[in-house]
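Participant: got a sequence here, can you build the structure:
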Amino acid sequence: MVELGPVGDHDDEMELQQLINNHYIHTRSQVAETVLVKWDEFLPKFIKVIPLEYKKVLEEQKNQVTYGKDPEDRG
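Facilitator: Below is the predicted model of the structure:
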């Protein structure tokens with residue numbers, strides 16, 4: 001199972017932009033160039049796909065950093 005949604009996280013947005021930029025550097029793709037030039041117009045057209053289990057792991061890691069807890073400690 002996966003979850004679909006907008007690319008809303010700043011880090012995800014920067015990673016996506018870097019991936020497209022790398023693609024442009026290596027291929028000189030006109031489409032990639034257009035996306036980069038009109039970034040604000042194209043960003044909402046991207047869909048973030050994340051497996052639910054992976055999302056759960058990321059949330060547990062975030063909680064561990066935020067609260068200093070071991071994600072395996074349920075008590």
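Participant: ok, residue 21 - contacts?
Facilitator: 32, 36 (Cβ atoms under 8 Å, 6 or more residues apart in numbering). C-beta here means a position set from N, CA and C on the backbone, and glycine is covered the same way.
Participant: so how far is residue 47 from it?
Facilitator: Between residue 21 and residue 47 the distance, using Cβ to Cβ, to the nearest Å, works out to 19 Å.
Participant: for the closest residue to residue 51 other than its chain neighbours, grab phi and psi.
Facilitator: Of all residues not flanking residue 51 in the chain, residue 2 sits nearest, at 5.3 Å (Cβ to Cβ, 6 or more residues apart in numbering). Its backbone dihedrals place residue 2 at phi -130, psi 160, with angles given as degrees, to the nearest 10.
Participant: correct me, but residue 2 touches residue 47?
Facilitator: No - with contacts defined as Cβ atoms under 8 Å, residue 2 does not count as touching residue 47, sitting 10.4 Å away.
Participant: so who does residue 52 touch?
Facilitator: For residue 52, counting by Cβ under 8 Å, 6+ apart, the contacting residues are 1, 2, 3.
Participant: for the chain, just list every one of the helices.
Facilitator: Using DSSP state H, the helices assigned to the chain run over residues 10-27, 30-37, 39-42, 52-67.
Participant: just put the ones you listed in a markdown table and tack on mean pLDDT.
Facilitator: Formatted as a markdown table, the helices of the chain follow (pLDDT from 0 to 100):
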| stretch | mean pLDDT |
| --- | --- |
| helix 10-27 | 97 |
| helix 30-37 | 98 |
| helix 39-42 | 98 |
| helix 52-67 | 90 |
